[in-house]
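Novice: When you get a sec, could you give me coordinates for this:
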Amino acid sequence: MPISDWFKAREGRKYTMTSTDAPGELPDGVWVKCPSCKHTLYQGDLDRTADVCPHCGHHFDIDAPRRIALLADEGTFEETEATLSSVDPLRFNAAKPYTESLAKAKAASGMPEAIVTGRALLGGHPVVLGVMDFRFIAASMGSAVGEKIARAFRLAEREQRAVIMVTRSGGARMQEGMLSLMQMAKTAAEAERLASAGLPYISVLANPTMGGVTASFAVLADIIFAEPGALIGFAGQRIIEQTIRQNLPKNFRTSEYFEEYGMVDAVVARDQQKTAIALALDYLGAPGVPDAAEGAACAIVPPGGDV
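Specialist: Alright, predicted model coming up:
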C-alpha cells in the first residue's frame, strides 16, 4: 500500500465513545491496555499523545507511516524508491523459504521493504527522512534496505538536505548472508560522505535498535536521540555475560544507560522529537529556515531535567 493511501485511510478513521456498561459491544481496536501500567486507554486519546501512555509514559510500538505523520510537516512527505525490494539471491530455505517470508511481510505491512524513505520538510527544514518498520521481518537490514538508505544519503547530498533516520531493527537479515552484512559498510560510507559534504545527519533510536544497524549508520549521526526505554545494542545480554563472564546491570542496553555513558546525546519523548530535531537542525545550520539564531533562546530539556 503506498504511503499516500495510508494517510487517506487515517483521515477517514473515526472513533465512537462506547459506554463502559456494555463491554461486550466494544468494537475491536478502540480500547488498548498499556503493557506497563495496565491502564485501559482509549485509542483516540493515544492518537493525541503520539501513542504514549498518559499515565506512565510507555511508548507503544508504531509503524513507519504513523511516525512519518508525527515528524514531517503536514503534506510535505514525498516517498522515494517506493518500489525497491529484496530478492532471494541465495535461494535461502530454512524453516520456510525466504521468498515466502518476503511475501508474508509485504502482505502484513503493505510495504515493499522494511524502510520508508522520502523528501519532507521538518520544522521548515528540507530533509530526507528514513523510517524503519518492524512489521517487515523485524525491520532487518537486507540488500534493499541498505540500498534505500544509501540512496537516501546520496539524495540528501545532491539536493543539499539534512538526513533524519529513525531506526527500529533486529539487525542484519540473515537470509541474505554476506550480502546483508555488506550493507553495514555501504551505509557507513554514505554517512561519511554526507559528513564530508557538511550536511547534518540526525538519528532517532527507537525500540529496539540492535545488531548490524546499531553497528553501522544508526550511530554515525551528528546527533543521536533515543526514545525512553528503547533497547539498544549489538548482541544479546546473555551472550555478552557469557563472553565476559560478568553480570551486567538491569538497565544495560537501554537508551537511558547509553545517555549516561555518552553514546546517546539525549533521550527524548516521542511527542517532543519533532521539536528537538528541528531545534538541532537550527543549531547545525541546516538549510531551509532563515534566522536560525532566533531559536538560540530555546533548549532541549531532558525529562525531569533543568534548562
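Novice: Pretty sure residue 241 sits against residue 249.
Specialist: No - if you go by Cβ atoms under 8 Å, residue 241 and residue 249 don't touch, sitting 11.0 Å apart. Heads up, the C-betas are built off the backbone N, CA and C, glycines and all.
Novice: higher neighbour count, those two?
Specialist: residue 241 (13 against 9; other Cβ atoms under 10 Å).
Novice: now the nearest residue to the more buried one once chain neighbours are set aside, what's its secondary structure?
Specialist: Spatially, and ignoring its direct neighbours in sequence, residue 241 is nearest to residue 248 (5.8 Å; Cβ to Cβ, 6 or more residues apart in numbering). Secondary structure, DSSP: H, G, I helix; E, B strand; the rest coil: residue 248 is coil.
Novice: contacting residues for the closest residue to residue 284 other than its chain neighbours?
Specialist: Leaving aside its sequence neighbours, residue 284 sits nearest to residue 200 (Cβ to Cβ, 6+ apart; 4.1 Å). Shown in contact with residue 200 (Cβ atoms under 8 Å, 6 or more residues apart in numbering): 162, 163, 222, 223, 280, 281, 284, 285, 286.
Novice: try residue 31
Specialist: By Cβ under 8 Å, 6+ apart, the contact list for residue 31 reads 40, 41, 42, 43.
Novice: before we move on, what SS does residue 148 have?
Specialist: Assignment for residue 148 (three-state DSSP): helix.
Novice: What of residue 242?
Specialist: Judged by three-state DSSP, the three-state class of residue 242 is helix.
Novice: check contacts around it.
Specialist: Residues counted as contacts of residue 242 (Cβ under 8 Å, 6+ apart): none.
Novice: quick one: it and residue 254, what's the gap?
Specialist: 20 Å (Cβ to Cβ, to the nearest Å).
Novice: can you check residue 213 too?
Specialist: Remark: distance between residue 213 and residue 254 (Cβ to Cβ) = 17 Å.
Novice: Neighbour count: the two, which is higher?
Specialist: residue 213 (32 against 21).
Novice: host element of the more buried one?
Specialist: In this assignment (DSSP states H and E), residue 213 forms part of helix 211-214.
Novice: my guess is residue 234 is in a strand, correct?
Specialist: No - when classified by three-state DSSP, residue 234 is found to be coil rather than part of a strand.
Novice: I'd assumed residue 215 was in contact with it.
Specialist: Yes - taking Cβ under 8 Å as the definition, residue 234 is a contact partner of residue 215 at 5.4 Å.
Novice: Compare neighbour counts for those two and give me the winner.
Specialist: Ranked by neighbour count (other Cβ under 10 Å), residue 234 and residue 215 place residue 215 first, with 18 against 15.
Novice: From residue 199, how far off is the more buried one?
Specialist: From residue 215 across to residue 199, the span is 23 Å (Cβ to Cβ).
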